[in-house]
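S.K.: structure for the following, please:
(chains A and B)
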Amino acid sequence: MSELLTIEGLSIRFENGPLVVDNLSLEISRGETLALVGESGSGKSVSALSILRLLDERHARYPGGRIVFEGEDLLQAPEKRLRQIRGRRISMIFQEPMTSLNPLHTVEKQIAETLELHKGMRGGKARARCVELLTLVGIPEPERRLESYPHQLSGGQKQRVMIAMALANEPDLLIADEPTTALDVTVQKQVLELLKSLQEKLGMAMLLITHDLTLVRRYADRVVVMERGRQVETADVRTLFEAPSHPYTRQLIDSEPPESPLPTDATGPDLLHVDQLNVRFPVRKSLFGRVTESYHAVKDVSFAVRPGETLGIVGESGSGKTTIGHALLKLTGSDGAIRFDGEDISHLSQKAFRPWRRRVQIVFQDPFGSLSPRMSVAEIVGEGLTIHSPGTPEQHDARVIQALTDVGLDPEARHRYPHEFSGGQRQRIAIARALVLQPDVIILDEPTSALDRTVQKQVIELLRHLQSRYRLSYIFISHDLAVVRALSHKLLVLQNGAIVEYGDAEDIFRAPEQPYTRELLSAAFYYQTTTN
Amino acid sequence: MLRLSPIQQRRLRNFKANRRGYWSLWIFLILFGLSLAAELIANDKPLVVSYQGEWYFPVVQTIPEETFGGFLPTETDYRDPFIADEITANGWMIWPPIRFTYDTINYNLEVPSPAPPSAENWLGTDDQGRDVAARVIYGFRISVVFGLTLTIASCIVGVMVGAIQGYYGGKVDLIGQRFIEVWSGLPMLYLLIILSALVQPNFWWLLGIMLLFSWMGLVDVVRAEFLRARNFEYVRAARALGLSNRRIMFRHILPNAMVATLTFLPFILTGAITGLTSLDFLGFGLPSGSPSLGELIAQGKSNLHAPWLGISAFVSLSIMLTLLVFTGEAVRDAFDPRKN
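M.R.: Residues are numbered from 1 along each chain as shown, chains lettered A, B, ... in the order given. Okay, the predicted model is just below:
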């Protein structure tokens, strides 16, 4: 086998900071797929960017190592030579399709740009090639799509256009940096299958960077596992999964969430009963403020939650699942009846609803955005207490300590500030903030989706533990079905704001009735089933 | 002991790292501190008098002339040669470095006023025989105090209006923005001219009128910050906790908006000082006779043959404004999140 790209002992640091990548060595042969796996902060993206020298050269330093592409050391190559290689011999796909395309250019202009740059192709010839490429990546009606602007495409289509741009000059190596992380599960599967088939068709090598080991099993030939800048294991896919040699790799493989929730003895009357909930957002208003056009985000949704029970709400992006959570908390206006403990709270004013807020709490998705950066942990967690339960500072402090202990944090942490904590710890702080008020219901809005797999599992374990200890009810909103399965007793599947399926979670996972649910489940658990 | 959060510590470091701004701030604070004690530097009364074994402090006391062997029951004129001789014969007195206050007229000039700089009048005198050095010190003080008061007042109003507009958005924001557009179209100068026909504009009148217009500068910045922050998740989380709107605005959003506000502060201050100076120059400012740099410039303009008037005003104004702008740059660096 001929080596296409060889990295020898590569080290990277920023300014005079610690090494971000420490002594990384790998090689990629022609036509092969190598996966670079690691959690956030492991240095995988930085390594990928360094291959094309796309890191900011004012700050990035390469204290050691070589990146050899077909006998040429890219670390020594001048900028002009690199420009010939970028986009022509080595192409890259980025994680975020929303921001990787220029919003002011049409699809045709974006693709034709690389063609003109590297092959001098223009006019009708370039146009024909664009159509050919769009057909290749499976975009329907490619001729019409040429005139589209990025905002007129869906997330999956944007990622396909990105792939078309990357493939325009038939590169020898494609670097895909988390190509599907920002996409819905069903689209994720399509994009990855597309990449795989294109790779076979064009015979190029691929460097797949991902945090998701389940993808690796299907798409990669060999795997490099990174942890905090260090390469901890390099192996064939089969060897890696059957006999992982490094404890960190084992931990990654074992980080699949459990397959069913803890049993619940949920009985008795409904704690929360929602009947015919509707949410509309105004799109256009007349001169006098009357809504003339509105977007119907949640359509006639009804459900009920008993004490100590979890309701999972799943759906793809834009299905209205977060909006339901906000409507329950009266963070957005809604129509319909919301009965809490038998009392209708949907018509209460903000002020009249305030005493109820102690009993319904929320944990948000983004652990970095949901904690005020200028307040200490004690202030963040204790803030609700000052409103809802009068008491001395000592009593409040004791409850803050109790809440932090409950979520598995050192109570001494309360004197520090959020930025000193990792994502998982921050999410624990957010849970402590909800927990300290001793609520009956916690709405969990994608609480694990911004976290790494291993941390995700710890948070799920924590949530399960807290539920059985305090008999909490959860409304668990997520797009990640594996996580939902680990917690939910009941399941509500949403599509475009309307209920597709609602019922016992176990029944739905075992035998989904609706085609949409089936599609969702098969995409989500595709990678587990194909290899087990 | 004041405990600084790590963010604040980093900002302090960044501020100190800008050497020019850091020293500018110190020099400005020293100058301002000195000018606050202007009565001890430039005064027509001695600091300490020892007369017939008794001590007097004329700067803080009013002592009738009779005490020193004079004839009048009114306050002593220590510059009177008769009194001065009487005191030095029976004791001593210590004068401040400049023996004039801002409105002391030097009747002992050897040349017609405006007199050029001399050992007695370091920067010369103006066309009424008043010492320019003393007027510059007092003028500096009144400019800075006026500027600071106006800045703080317009910050309070501007931040409040911007916060309310940004936080509530919608109709409140719309009406507020339209009002500001109309209001900023009003000509301030004409209002001042009309006002000076009705009342004698003093320090507080001027402050009030300028405040009517200067609060708008900050509204846009603060409003944008609040519009952005009200959709942040931690603000949502605070609402979900049941916090009142006022508390959310104060505790959760305002600290973010303060960065933009503080960065603007030195520039608002220079704007306020320049504003007062130009009004004084035009003659619509502080009442005549008060020490002001603008009035000094006006004197320089009408006495072109006495360049020390214009030069003194120019140098003192430009030093003051330069120091403030340099400080402002350092403050901006300190709050720049991209700097480490």
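
S.K.: need the residues of chain A near chain B, please.
M.R.: Residues of chain A lying close to chain B by Cβ under 8 Å from any Cβ of the partner chain are A:289, A:326, A:329, A:331, A:354-355, A:357-358, A:360-362, A:364-366, A:369-376, A:383-384, A:387-388, A:417, A:419-420, A:430, A:433, A:437. Using the backbone N, CA and C atoms, a C-beta is placed for each residue, glycine as well.

S.K.: and the pLDDT for A:Ile67?
M.R.: A:Ile67 is assigned a predicted lDDT (pLDDT) of 90.

S.K.: how about the contacts made by it?
M.R.: Residues near A:Ile67 by Cβ atoms under 8 Å, 6 or more residues apart in numbering or on different chains: A:5-7, A:10, A:50-51, A:73-75.

S.K.: buried members of these into ChimeraX, please.
M.R.: Typed into ChimeraX, the line below selects the buried ones among these, using 16 or more other Cβ atoms under 10 Å in any protein chain shown:
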select /A:5,6,7,10,50,51,74
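
S.K.: what is the nearest of the contacts of A:Ile67 to chain B?
M.R.: A:Ser50 (21.7 Å; Cβ to the nearest Cβ).

S.K.: shaky segments in the chain?
M.R.: Picking chain A for this. In the predicted model of chain A, residues A:1, A:266, A:287-289, A:527-532 satisfy pLDDT under 70.

S.K.: wait, chain B
M.R.: Using pLDDT under 70, the flagged stretches of chain B are B:1-6, B:337-340.

S.K.: let me see the ranges of the strands in the stretch 151-300 of chain B.
M.R.: Under the criterion DSSP state E, counting those that start in this stretch, the stretch 151-300 of chain B carries no strands.

S.K.: who in it is up against chain A?
M.R.: Counting by Cβ under 8 Å from any Cβ, the stretch 151-300 of chain B sits next to chain A at B:171, B:232-234, B:236-243, B:251-252, B:255-256.

S.K.: buried among the residues you listed? Make that a PyMOL selection.
M.R.: A single PyMOL command selects the buried members of these (16+ other Cβ under 10 Å):
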select buried, chain B and resi 232+233+234+236+237+238+239+240+241+242+243+251+252+256
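
S.K.: for the residues of the stretch 151-300 of chain B next to chain A, which one is nearest A:Lys109?
M.R.: Of all those, A:Lys109 sits closest to B:Phe232, with 35.4 Å by Cβ to Cβ.

S.K.: for that closest one, which non-adjacent residue is spatially closest?
M.R.: A:Gly369 (6.0 Å; Cβ to Cβ, 6 or more residues apart in numbering or on different chains).

S.K.: so that neighbour sits right up against B:Ala237, yeah?
M.R.: No. Counting by Cβ atoms under 8 Å, A:Gly369 sits too far from B:Ala237 to count as a contact (9.3 Å).

S.K.: who are the contact partners of residue 272?
M.R.: Since no chain was named, I'll use chain A. Here A:Leu272 is in contact with A:304-305, A:328, A:338-340, A:441, A:473, A:475 (Cβ under 8 Å, 6+ apart).

S.K.: that was the other one, I meant chain B.
M.R.: B:146-147, B:150-151, B:154, B:210, B:214.

S.K.: which stretches of the stretch 401-532 of chain A form strands?
M.R.: A:441-445, A:473-478, A:490-495, A:498-504.

S.K.: and the stretch 51-200 of chain A, by the same measure?
M.R.: Going by DSSP E, counting those that start in this stretch, the stretch 51-200 of chain A shows strands at A:60-69, A:72-73, A:90-93, A:173-177.

S.K.: ok so, going back, only whichever of the residues of chain A next to chain B are buried, select them in ChimeraX.
M.R.: In ChimeraX, this line selects whichever of the residues of chain A next to chain B come out buried by 16+ other Cβ under 10 Å:
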select /A:326,329,331,354,357,358,360,361,362,364,365,366,369,370,371,372,374,375,376,383,384,387,388,417,430,433,437
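
S.K.: ok, back up a step: tell me the one of the contacts of B:Ala272 nearest A:Leu520?
M.R.: B:Ser154 (56.6 Å).

S.K.: wait, the closest one sits on B:Val219?
M.R.: No. B:Ser154 is beyond contact range of B:Val219, at 9.9 Å (criterion: Cβ under 8 Å).

S.K.: what do these two both touch?
M.R.: With Cβ under 8 Å, 6+ apart, B:Ser154 and B:Val219 have no common neighbours.

S.K.: so A:Leu10 is in which element?
M.R.: strand A:3-14 (DSSP states H and E).

S.K.: what is the subsequent helix or strand relative to that strand?
M.R.: That would be, after strand A:3-14 and using DSSP H and E, strand A:19-29.

S.K.: which strands or helices does that following strand pack on?
M.R.: Strand A:19-29 sits against strand A:3-14, strand A:33-37, helix A:44-51, strand A:60-69, strand A:205-210, strand A:222-227, strand A:230-236, with contacts defined as 3 or more Cβ pairs under 8 Å, 6 or more residues apart in numbering or on different chains; DSSP states H and E.

S.K.: redo that, cut-off 7 Å
M.R.: If contacts are counted by 3 or more Cβ pairs under 7 Å, 6 or more residues apart in numbering or on different chains; DSSP states H and E, strand A:19-29 sits against strand A:3-14, helix A:44-51, strand A:205-210, strand A:230-236.

S.K.: tilt between it and strand A:60-69?
M.R.: For strand A:19-29 against strand A:60-69, the angle by axes from the mean of the first three to the mean of the last three Cα atoms, to 10 degrees is 10 degrees.

S.K.: buried residues in strand A:19-29?
M.R.: Going by 16+ other Cβ under 10 Å, strand A:19-29 has these buried residues: A:19-22, A:24, A:26-28.

S.K.: redo these as JSON lines? Include distance to B:Asp103.
M.R.: As requested, the buried residues of strand A:19-29 are exported to JSON lines (distance: Cβ to Cβ, whole Å):
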{"residue": "A:Leu19", "distance to B:Asp103": "70"}
{"residue": "A:Val20", "distance to B:Asp103": "68"}
{"residue": "A:Val21", "distance to B:Asp103": "73"}
{"residue": "A:Asp22", "distance to B:Asp103": "74"}
{"residue": "A:Leu24", "distance to B:Asp103": "78"}
{"residue": "A:Leu26", "distance to B:Asp103": "84"}
{"residue": "A:Glu27", "distance to B:Asp103": "88"}
{"residue": "A:Ile28", "distance to B:Asp103": "86"}
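
S.K.: picking that back up, could I get the strands of the stretch 51-200 of chain A as a markdown table with distance to B:Asn108?
M.R.: A markdown table is the format used below for the strands of the stretch 51-200 of chain A (distance: least, Cβ to Cβ, whole Å):
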| stretch | distance to B:Asn108 |
| --- | --- |
| strand A:60-69 | 73 |
| strand A:72-73 | 86 |
| strand A:90-93 | 85 |
| strand A:173-177 | 85 |
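
S.K.: of those strands, which is nearest A:His246?
M.R.: Once the strands of the stretch 51-200 of chain A are compared by Cβ to Cβ, strand A:60-69 is nearest, at 21.5 Å.

S.K.: ok but A:Glu39 is inside a strand, no?
M.R.: No. In this structure, A:Glu39 is coil, not part of a strand, as judged by DSSP: H, G, I helix; E, B strand; the rest coil.

S.K.: that one touches A:His211, doesn't it?
M.R.: Yes. At 5.7 Å, A:Glu39 counts as touching A:His211 under the criterion of Cβ atoms under 7 Å.

S.K.: pull up the overlap in contacts between these two.
M.R.: Jointly contacting A:Glu39 and A:His211 under the rule Cβ atoms under 7 Å, 6 or more residues apart in numbering or on different chains are A:Asp452.
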